[in-house]
Structures are given as structure tokens and as C-alpha cells.
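> Just a sequence and a predicted model for now, questions to come.
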Amino acid sequence: MKIKSVRARVYEWKGKTVPPQGNFCSNAMDLVYDNKANQHAAGADTMNTFRFHCWTVVEVETDDGIVGLGNVALAPRIAKAIIDEYLTPLVLGQDPWDYEYLNQRMYRATQAWGRKGVGMAAISAIDIAIWDILGKSVGKPVFKLLGGRTKEKIPCYYSKLYRTDLKEMQAEAQKFKDQGFKAFKMRFGYGPAHGQLGVVENLKSVEAVREVIGYDNDLMLECYMGWNVEYAKRILPKLEKYQPRWLEEPVIADDIDGYAELNQLTSIPISGGEHEFSLYGFKQLLDRKAVSVVQYDTNRVGGITMAHKINALCEAYSVPVIPHAGQMHNYHLTMSSLNCPISEYFPIFDVEVGNELFYYIFDGDPAAENGFLQLDDNKPGLGLSLKTEYLEHFTITE
Ligand SMILES: O=C(O)[C@H](O)[C@H](O)[C@@H](O)CO
Ligand SMILES: [Mg+2]
């Protein structure tokens, strides 16, 4: 079997979106004041460079007609350019079963400018498509090629609860508690730029959600790179009483020493990894005890080949892996490793931040039932197909 073609198409959502509101989610741009010189770049909405309203879909086809599906959400137009110009020539004519060779070929050929960020995300998309091909070619789901079924079904946590009106957040938490979720991730809305008022608002939001879900359910707290070490050192002790299962991405991904300091500071485990890349990136995080939960995303980190290696590395360090996002490219890794206890789960929703856009492009992701997900032992490959019902809302660029 040989790879005959690689097709990367950019799906840009043109349908309605939920407008940005208030202090929706603390993020890395909060600390950068808006000097109004270029409204487009920053503007009032500091989340605007962290919205995923565009996704690149990759189809790798073999000479015997098997088509593997891959995807990339980080800088999708740039990822397409990297796939078209640099990566496709490296995999055409190659045997997809040589997936380690092909992953190394793409990773090493792009070392001069790749290694992190969109270079790795582009490699991930092709690698994921290759694994879809492998599963389809032997009639097995990808998780059966990675280690098989380690769970009867996958526990998942409800992930949304962006900072809106506290009553709205409580109603959202109640709705999904009633649907059987036993774990919830909420977003802070405030950080160092908002002073003590923001600290009070952050604490009020955690109090409000705990009031609804109680203490026999897990609560996780998302900062999305929006704080700094000084601010986190002030607020973490105040958050301990809410017993969060983890506090996520308090600082930017490059501040590994900051992560390590905060991870030892209180009883609250610090999580991260959705903005880290490659086996070596995670070795650094583990060696420096920077995180207590690893959260790579398989469509960023270097694909299934790379994620599978990181799963083994994290197991050796006894650090659990709970990948960023749900989505099939992550679910197969979680199902096949005892060191991946649960999955993130985004609800199907009007297009807002864009995590939910995956549901508008692909069919096949399992719906959560009573806080659990199930994968089908008899569905070959990733188990995904391309949706047609929302095509009118996308501009698709070849
Ligand atoms: O952990 C997450 O789900 C991510 O950080 C979100 O995708 C991001 O959009 C912030 O909520
Ligand atoms: Mg996150």
C-alpha cells in the first residue's frame, strides 16, 4: 500500500456565531493593553485570536483507494500551506505502515522552523490521517492498534462554563449535572489586569459552580494562560477550599519554571500541555515537575504516533494524561491507555469559541451518555466521516 495523494482543505465557518461577551475567558492577551493602534489585532475582545472558526481537513488517499481523515485547528491556513509545500512531498509514494519513519521524516525535515506550534500541528493532521488508513486497512478501530480497550467506557468531563452571568453559569452547570456528568471544567474571567475586583469575581464564580455541583463531583478550573506567577500565588491558596481536581494553564506555555513553582505551591494540581509539542516538550514538563496532569492535543502535538509515545513517557512518571478536547483523534489515545483516566467533552453548541466546530465538520464523535463515552470495537479507523449538512455555512478552500 502506498500514499497516492494528500488533500488539505480549509473549512472557514461563515454561519452565525455567539458574539463575544464580557470577561468570557481569561487568556494570554489580557496582560497586553489595547493601545487602539490596530483594532483588528487585539481590540476589546482579547479572546479574538483564540477562536477556532476555521479548521483544516486533511484527506490522505492510498493507491488502493483507502482515504484517511486528519484535521488541524491551530492556524489552519498556515497549516495547509505547510502540508502542501513541505509535508506532502515527504509522504507521497510512502507506505503508511511505516508511520514512525514518516513521522520522523516530517518532524526532522522541519526542525529548522517546526518543533513547536503550527509546524507540529500540520504534521499531526497527516499522521492522524495515516492512522485512520491503518485502522481501515485491517478493519480495526485505531485504539485496537494502540493497545486496545482499557475501559468499559470512557468517563468524560463537561467542558464549557465560560465566565458569563453567575446565574447563567449555575443554570448551565445544573443542566449538565442533570444529564449525569460527574466532572465539570469552568473558565475564569479575570486575571492580573483586573486587580482585586477580578480576584473577588473569580472566587465568586467558583463558589457559584460548587454550590450547584456540590463536592461529590469533580471541578476543574481553566485560566487559559491568562495569569502570571505573582497573581497565581495570591489566588491559589484562596482556591484550595474549593478542592479543584486541577487548575489549568495558569501562565503561558514557555514559563515552565512558573508552572513548576505553582505546581509545588499548594494542594491544587496544575495541568497543562495543550500548547506544548513533541516528546521532548513533554519530557521537559515532566523532568521539571511542571504539571500534575498532561493535556496534549493529538491534532497539535505531532499526531497519534507522537501522542502514543508521550502516553508511555507520562505513565513512567505516574502523571496522568487527559488530552485537550474530546474529538476522535484524542478518544482513541484515551481508550488505549490505562494512564488516561478521563476525556474532555465539549457539548454540541452554537459556534462560539470554536471547540464545538468539530461537530459541524465531522460525523462519528460519540455523544456523552450519563457522563461516559463509548467507542465502537467494530468501527475501523478513527470512525469519522465528513458531514454534509452544514456545508452551506462553510467557505471551503482547496
Ligand atoms: O482546555 C480547553 O478546553 C481549552 O483551553 C479551550 O479549548 C479554550 O478555548 C479555552 O477555553
Ligand atoms: Mg485548556
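Arrived safely. Ligands and ions are numbered 1, 2, ... in the order given.

> Please identify the residues of the stretch 1-150 of the chain in proximity to ligand 1?
Applying Cβ under 6 Å from any ligand atom, we find that the stretch 1-150 of the chain lies next to ligand 1 at Cys25. Every residue, glycine included, has its C-beta placed from N, CA and C.

> show me where pLDDT drops low in the stretch 1-150 of the chain?
When the per-residue scores of the stretch 1-150 of the chain are filtered using pLDDT under 70, the ranges that remain are 38-44.

> quick one: the strands in it?
3-13, 54-62, 67-72 (DSSP state E, counting those that start in this stretch).

> Can you tell me which of the ones you listed is nearest to Asp255?
Proximity to Asp255, assessed across these by Cβ to Cβ, is greatest for strand 67-72 (25.2 Å).

> thinking again about what came up before, output the strands of the stretch 1-150 of the chain as TSV; include the columns distance to Ala121 and mean neighbour count.
Converted to TSV, these look like this (distance: least, Cβ to Cβ, whole Å; neighbours: other Cβ atoms under 10 Å):
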stretch	distance to Ala121	mean neighbour count
strand 3-13	12	19
strand 54-62	9	22
strand 67-72	5	26
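
> Could you dump the ones you listed into CSV and include distance to Ser385?
Supplementary listing: the strands of the stretch 1-150 of the chain in CSV, determined by distance: least, Cβ to Cβ, whole Å:
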stretch, distance to Ser385
strand 3-13, 14
strand 54-62, 11
strand 67-72, 8
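
> Which of the residues in stretch 259-277 are classified as buried?
Neighbour counts over stretch 259-277 (16 or more other Cβ atoms under 10 Å) mark 259-263, 266, 268-277 as buried.

> One more: stretch 342-351?
The neighbour-count criterion (16+ other Cβ under 10 Å) identifies Ile342, Ser343, Glu344, Tyr345, Phe346, Pro347, Val351 as the buried residues of stretch 342-351.

> Closest residue of the stretch 151-300 of the chain to ligand 1?
Nearest residue of the stretch 151-300 of the chain to ligand 1: Tyr224, at 4.3 Å (Cβ to the nearest ligand atom).

> For stretch 77-95, output the C-alpha coordinates as CSV.
Extracted in CSV, the C-alpha atoms of stretch 77-95 (Å, rounded to 0.1, in the frame of the first residue of the first chain):
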residue,chain,number,x,y,z
ARG,A,77,-4.5,28.2,6.7
ILE,A,78,-0.8,28.2,7.6
ALA,A,79,-1.0,24.5,8.4
LYS,A,80,-2.4,23.9,4.9
ALA,A,81,0.5,25.8,3.4
ILE,A,82,3.0,23.7,5.4
ILE,A,83,1.2,20.5,4.4
ASP,A,84,1.1,21.4,0.7
GLU,A,85,4.6,22.8,0.4
TYR,A,86,6.7,20.8,2.9
LEU,A,87,5.0,17.7,4.2
THR,A,88,3.1,16.2,1.2
PRO,A,89,6.3,15.6,-0.8
LEU,A,90,7.7,13.7,2.2
VAL,A,91,4.9,11.2,2.4
LEU,A,92,3.8,10.7,-1.3
GLY,A,93,4.7,7.2,-2.5
GLN,A,94,5.4,6.0,1.0
ASP,A,95,3.9,3.0,2.8
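
> Just the helices from the stretch 201-350 of the chain, written as ranges.
Using DSSP state H, counting those that start in this stretch, the helices of the stretch 201-350 of the chain run over residues 229-239, 256-265, 278-287, 298-301, 303-316, 328-335.

> just the ones you listed: most buried one?
Mean neighbour count (mean count of other Cβ atoms under 10 Å) peaks for helix 298-301 among the helices of the stretch 201-350 of the chain, with a mean of 31.

> Let me know the average pLDDT across it.
Rounded to a whole number, the mean pLDDT of helix 298-301 is 98.

> for the closest residue to Gly93 other than its chain neighbours, what are its contacts?
Taking Cβ to Cβ, 6 or more residues apart in numbering, and ignoring the residues beside it in sequence, Gly93 has Lys2 as its nearest neighbour in space, at 5.6 Å. If a contact means Cβ atoms under 8 Å, 6 or more residues apart in numbering, then Lys2 has Thr62, Asp63, Gly93, Gln94, Asp95 as its contacts.
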